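[1] my questions are about this predicted structure, shown below with the sequence.
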Amino acid sequence: ENFPGFPNGVQGPELVQLARKQAERFGARFLTDIATAFRQLPHGFEISFSSSKKLQTKALIIATGASARWLGVPGEEQYKGRGVTTCATCDGFFFRGKEVIVIGGGDSAMEEATFLTKFATKVTVIHRKSDLRASKIMQERAKQNPKIHLLFDAVVAEILGDGKKVTGVQLKNLKTGQAQEFRCDGVFLAIGHVPNTATFVGKINRDELGYIIADKWMHTNMPGVFAAGDVADKRFRQAITAAGMGCMAAMEAEKWLVDQGD
């Protein structure tokens, strides 16, 4: 719903296929595999894949994204996309007039909760500790919103549903051990993301959270290697911002190759 050019919305997989067909029309080639190793060569780079294939390149754009952290509790997998989600910006609209919960205690959780009040009638933030980790200003903003309710010292032990959609969660109080069923229509996870950068550890500079460090032109510490999208962006994490970063990285990679005489 939040990618421009599609007034009726577009499914993520469909958007990917459309972009792929457009790229293929201009000569792009695709290799579907899992990158397992990366090394620098005298005049380029080599990537190894799980299929034992190897690919050499003169320039590389890393756009491996970041994976949302999941709870790993019963019902979570079953109701992904049917009430369980990790993106309020993407899915909040579908919960208009509903009651939802947000799991987390940091700035992201407060941002998600505040955003969801545009649609939901009630937003309950569930945090496993007694105090929020969010910045003071984000906490105050959430506490002053009449639609937001805070529930501390609790974790979701199970996500409940009717087979088609989420109907609630099973909560556990960490202080008393008491369990309770909590009714809700949606579960939004805001417990962080894990950037997919394991292949580049020790070679490409990363920050303390594992995100690749790139300058404003998408350059990494290694000349000829660029980064784009959620693998280098822990703030916005939107398809449109990732697309913009990808465009910047592509143009910079082309310029870099020209400067090398390629």
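    Looks like it came in fine.
[2] the helices in the stretch 51-200 of the chain, which residues?
    Ranges of helices within the stretch 51-200 of the chain are 88-91, 107-116, 136-143, based on DSSP state H, counting those that start in this stretch.
[3] what is the burial count for Arg133?
    Counted with other C-beta atoms under 10 Å, the neighbours of Arg133 add up to 15. In this view, the C-beta of every residue, glycine as well, is placed from N, C-alpha and C.
[4] hmm, back to that, buried deepest among the helices of the stretch 51-200 of the chain, which one?
    helix 107-116 (a mean of 23; mean count of other C-beta atoms under 10 Å).
[5] returning to that earlier point: can I get the helices of the stretch 51-200 of the chain in TSV with distance to Ser130 and mean pLDDT?
    Output for the helices of the stretch 51-200 of the chain, formatted as TSV (distance: least, C-beta to C-beta, whole Å; pLDDT from 0 to 100):
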stretch	distance to Ser130	mean pLDDT
helix 88-91	24	90
helix 107-116	15	94
helix 136-143	13	94
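[6] mind putting those helices in TSV, distance to Gln78 included?
    Formatted as TSV, these follow (distance: least, C-beta to C-beta, whole Å):
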stretch	distance to Gln78
helix 88-91	17
helix 107-116	22
helix 136-143	29
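[7] among these, which is nearest Glu158?
    Closest of the helices of the stretch 51-200 of the chain to Glu158 is helix 107-116, at 20.1 Å (criterion: C-beta to C-beta).
[8] the closest one vs helix 136-143, what angle?
    Computed with axes from the mean of the first three to the mean of the last three C-alpha atoms, to 10 degrees, the direction of helix 107-116 lies at 40 degrees from that of helix 136-143.
[9] run through who's touching helix 107-116.
    88-89, 92, 95, 100, 102-104, 123, 125, 127, 132-135, 138-139, 141-142, 145, 148, 188, 190-192 (C-beta atoms under 8 Å, 6 or more residues apart in numbering).
[10] tally of neighbours for the nearest residue to Asp207 once chain neighbours are set aside?
    Leaving aside its chain neighbours, Asp207 sits nearest to Ile213 (5.7 Å; criterion: C-beta to C-beta, 6 or more residues apart in numbering). Neighbours of Ile213 under the rule other C-beta under 10 Å: 13.
[11] closest one to Phe200 among the helices of the stretch 51-200 of the chain?
    With C-beta to C-beta, the closest approach to Phe200 among these belongs to helix 107-116: 24.2 Å.
[12] ranges for the strands of the stretch 151-262 of the chain?
    154-161, 166-173, 179-183, 186-189, 193-195, 225-227 (DSSP state E, counting those that start in this stretch).
[13] quick one on the thing from earlier: to Val166, which of the helices of the stretch 51-200 of the chain lies closest?
    Of all the helices of the stretch 51-200 of the chain, helix 88-91 sits nearest to Val166, with 11.9 Å by C-beta to C-beta.
[14] now do that closest one: distance to the chain's middle.
    11 Å (C-alpha atoms, centre = their mean, to the nearest Å).
[15] packing partners of it?
    If you count contacts as 3 or more C-beta pairs under 8 Å, 6 or more residues apart in numbering; DSSP states H and E, helix 88-91 packs onto helix 107-116, strand 186-189.
[16] put together a markdown table for the ones you listed, with distance to Phe26 on each row.
    Listed next are those as a markdown table, based on distance: least, C-beta to C-beta, whole Å:
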| stretch | distance to Phe26 |
| --- | --- |
| helix 107-116 | 37 |
| strand 186-189 | 37 |
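[17] any idea which of the ones you listed gets closest to Asp207?
    helix 107-116 (16.1 Å).
[18] ok, back up a step: contacting residues for the residue nearest to Asp207?
    By C-beta under 8 Å, 6+ apart, the neighbours of Ile213 are Asn205, Arg206, Asp207, Thr220, Asn221, Ala232.
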